[in-house]
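In: predicted model follows, preceded by the sequence.
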Amino acid sequence: MLDRDQVLHVARLARLELTDPEVERMASELSHVLDHIEKIRELDLTGVAPTAHVVDAAGPLRADEPVECLDRDAVLAAAPAPVDGGFGVPSPGQAPA
Amino acid sequence: MSELIEFTAAEAAARVRARDIDAGELFEAYRERAAGDELNAFTWVAPESPTVTADGPLGGVPFAAKDLFCTEGIPSQAGSRILEGYRPPYTATVVRKLSDAGAPLLGKTNQDEFAMGSSTENSGFGPALNPWDRARVPGGSSGGSAAAVAAGLAPWAIGTDTGGSIRQPAALCGIVGMKPTYGACSRYGMIAFASSLDQAGPLTRDVTDAALLLSKMVGRDVLDSTSLEFPGEIALPRADDLKGIRLGVPEELTGAEGGVEPGVRKSFEQTLALAEQLGAKVEPCRLPHAPHALSAYYLIAPAEASANLARFDGVRYGLRVGGEAGLTEMYNRTRAQGFGAEVKRRIMLGTYALSSGYYDAYYGTAQKVRTKISDDFRAAFERFDFVVTPTSPWVAFELGAKTDDPLAMYLNDFCTVPMPLAGIPAISIPSGLSDGLPVGFQLAGPAFSEQRLLEAAFALEQSIGFDGSPARG
């Protein structure tokens, strides 16, 4: 069962601002889903290797040949606040702690 | 209705190449239908007919692409308000490959936001509707692609499948949908949901169309290091029987545990009987860990999603909210406003499963279950050519019927999540109707068994004789 503080902690990790009703709903919905998921913890998985990925090939390398990269202006055209040919961001120093 | 619409994509391609029909007229016929879309299947439709070359292997037959495929200069929003109006500076490899093979892009299709959902109700741009009954969902997350193909608004379409997002909407809309082996198609330019599971595949009117479209999608791509060389060429299927084919029926995915509806169960059993008449040997098989696949999936996919969706932060593309308030505030508010409820739920679930103190218990355990699921399939394929199940436990449900209960919605994926966890291919074909709504029959095979799957699905399709024309109005 997830409580309010846990939900707020996870939301902070996920950089997600939640309203109070969202916090309440998230606590109840996630708890409900986790109750169902918990069943896998009853399985005996001693000695079982984890699968992170089904493809075994370990990062095959391509030939090291120079290719055109994306045009800077084309990339910045999609940015919400380009500044001087780069992505503009607010100063981290501005943030209230 | 234009008679051009009645040709399957493969028939249309053959006629275009034979100069029986004009590629430009074909495009325009579909463009008009797509522009008049009443199902909210499309999020963008080509404003005019491009110059179409009839000579490629796909014969100038246009295709629709799920919104999450990046298309240069064309809106690619992954069904999310956080990417509203985003026009990427590059094109996804599979889209480029289809264009190179002579299929022009007709439009982009509606989907659950970031492919998270089984009904297309989680789209930031409103739900898509099922052409068999507009009060019902088309399934999801590739619901727009499925609805468009079923309704004859597009000759064929591509989607992506992470836990069933091609196969389930194909089943609910009465069309064919195939999830290829993991790595068969490049993921370059697909806006990522869960990178170890996501795979592109075809949604088509019949099995022949699926084979033709898939044949031009597969292949190793230097831009996706998890893509693999596809062994051999995919040919159009010709099998007219199932002699010598052994079909395994896993009780874990076909019985009461998955909540398979009686009407779906009946259609499934009729299809098994047909398969036997065609020469297949049908026997029960065991996938002991398959019932746990859903739990493993709903830890692994959200965990990967929580990392993949970290990129939507108001810096490089899409929405920005609170830029005046400082960096962290800007992140928090942009994501709060841009993401829908289900996406937030999955980011929270995934972040929790990866968080310190819970990682081993949740994500680590799920990865071990994933190994056991692969082992189960490996054992089954020693005795059987294919494992068969209903694609979805139920037919298309009414809009809103499951939106208040995330867990009920997740159960849609009960029969389709084990395959992506094991990285194996599976195809859904329409097996009949239950109360006037389509039922899907799923065949899954070992990695890179696509050709054999297509042959078996083709033989069954000919014998079933499903009529999808009511959905085309």
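Out: Great, that's in hand.
In: okay, and the beta partners of residue B:157?
Out: Beta-bridge pairing for residue B:157 (DSSP bridges): residue B:64, residue B:203.
In: outline the domain layout of chain B.
Out: B:3-240+B:449-472, B:291-365 (automatic domain parsing).
In: from the chain's centroid, how far away is the first one?
Out: Domain B:3-240+B:449-472 has its average C-alpha position 9 Å from the chain's average C-alpha position, going by CA atoms, centre = their mean, to the nearest Å.
In: show the average pLDDT along it.
Out: In this model, domain B:3-240+B:449-472 carries a mean pLDDT of 96.
In: one more: the shortest one?
Out: For domain B:291-365, the mean per-residue pLDDT is 96.
In: could you dump the domains of chain B to a markdown table with mean neighbour count?
Out: C-betas here are computed from N, CA, C, even on glycine. Shown next, in a markdown table, are the domains of chain B (neighbours: other CB atoms under 10 Å in any protein chain shown):
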| stretch | mean neighbour count |
| --- | --- |
| domain B:3-240+B:449-472 | 24 |
| domain B:291-365 | 21 |
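In: could you pull out the strands for chain A?
Out: Shown for chain A, the strands assigned by DSSP state E span residues A:82-83, A:86-87.
In: need those in JSON lines (columns: distance to chain B).
Out: Below are those laid out as JSON lines (distance: least, CB to the nearest CB, whole Å):
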{"stretch": "strand A:82-83", "distance to chain B": "10"}
{"stretch": "strand A:86-87", "distance to chain B": "5"}
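In: now mean pLDDT and mean neighbour count too, for those, in TSV please.
Out: Below are the strands of chain A laid out as TSV (pLDDT from 0 to 100; neighbours: other CB atoms under 10 Å in any protein chain shown):
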stretch	mean pLDDT	mean neighbour count
strand A:82-83	95	13
strand A:86-87	96	12
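In: now for those strands, which one comes closest to residue B:251?
Out: strand A:86-87 (54.0 Å; CB to CB).
In: just to revisit the earlier point, the domains of chain B: which one's closest to residue A:48?
Out: Residue A:48 sits nearest to domain B:291-365 of all the domains of chain B, at 9.5 Å, using CB to CB.
In: what is the end-to-end distance of the closest one?
Out: Terminal residues of domain B:291-365 are spaced 15 Å apart (CA to CA, to the nearest Å).
In: what does stretch B:17-33 contact?
Out: Here stretch B:17-33 makes contact (CB atoms under 8 Å, 6 or more residues apart in numbering or on different chains) with B:2, B:4-5, B:7, B:12, B:15-16, B:45-46, B:48-55, B:59-62, B:104, B:106, B:152-155.
In: which residues touch residue B:197?
Out: B:162, B:163, B:182, B:297, B:300, B:301, B:304, B:420, B:421.
In: from those residues, which are also near chain A?
Out: Applying CB under 8 Å from any CB of the partner chain, the subset of those adjacent to chain A comprises B:182, B:421.
In: which of the contacts of residue B:197 fall in helices?
Out: Mapping the contacts of residue B:197 onto helices (DSSP state H) picks out B:297, B:300, B:301, B:304, B:420, B:421.
In: state the distance from the residue nearest to the fifth one when sequence neighbours are not counted to residue B:464.
Out: When the adjacent residues along the chain are set aside, residue B:420 lies closest to residue B:197, with 4.5 Å between them (CB to CB, 6 or more residues apart in numbering or on different chains). Separation of residue B:197 from residue B:464 (CB to CB, to the nearest Å): 29 Å.
In: now do residue B:235
Out: Residue B:235 is 22 Å from residue B:464, by CB to CB.
In: about what we covered before: which among the domains of chain B is found nearest to residue A:81?
Out: Smallest distance to residue A:81 across the domains of chain B (CB to CB): 6.2 Å, for domain B:291-365.
In: so which residues of the stretch 51-200 of chain B form strands?
Out: For the stretch 51-200 of chain B, applying DSSP state E, counting those that start in this stretch gives strands covering B:63-66, B:105-109, B:156-161, B:176-179, B:199-204.
In: need those in CSV with distance to residue B:36, can you?
Out: Supplementary listing: the strands of the stretch 51-200 of chain B in CSV, determined by distance: least, CB to CB, whole Å:
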stretch, distance to residue B:36
strand B:63-66, 14
strand B:105-109, 12
strand B:156-161, 17
strand B:176-179, 24
strand B:199-204, 20
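In: near chain A, which residues of the stretch 151-300 of chain B?
Out: Contacts of the stretch 151-300 of chain B with chain A, taken as CB under 8 Å from any CB, map to B:182-183, B:196, B:222, B:225-226, B:228, B:289, B:292, B:295-296, B:298-299.
In: please redo it, this time with the cut-off set to 10 Å
Out: B:181-183, B:195-197, B:220-223, B:225-228, B:288-289, B:291-300 (CB under 10 Å from any CB of the partner chain).
In: the stretch 351-473 of chain B now?
Out: B:351-356, B:358, B:360-375, B:404-407, B:410-411, B:420-424, B:447.
In: mind listing which of these are in helices?
Out: Among those, the members found in helices (DSSP H) are B:351-354, B:365-375, B:406-407, B:410, B:420-422.
In: nearest the geometric middle of the chain, what residue?
Out: All of this refers to chain A. Closest residue to the average C-alpha location of chain A: residue A:14 at 6.6 Å, with CA atoms, centre = their mean.
In: chain B is the one I meant
Out: Nearest to chain B centroid, counting by CA atoms, centre = their mean: residue B:166, 1.5 Å.
In: that'll do, ta.
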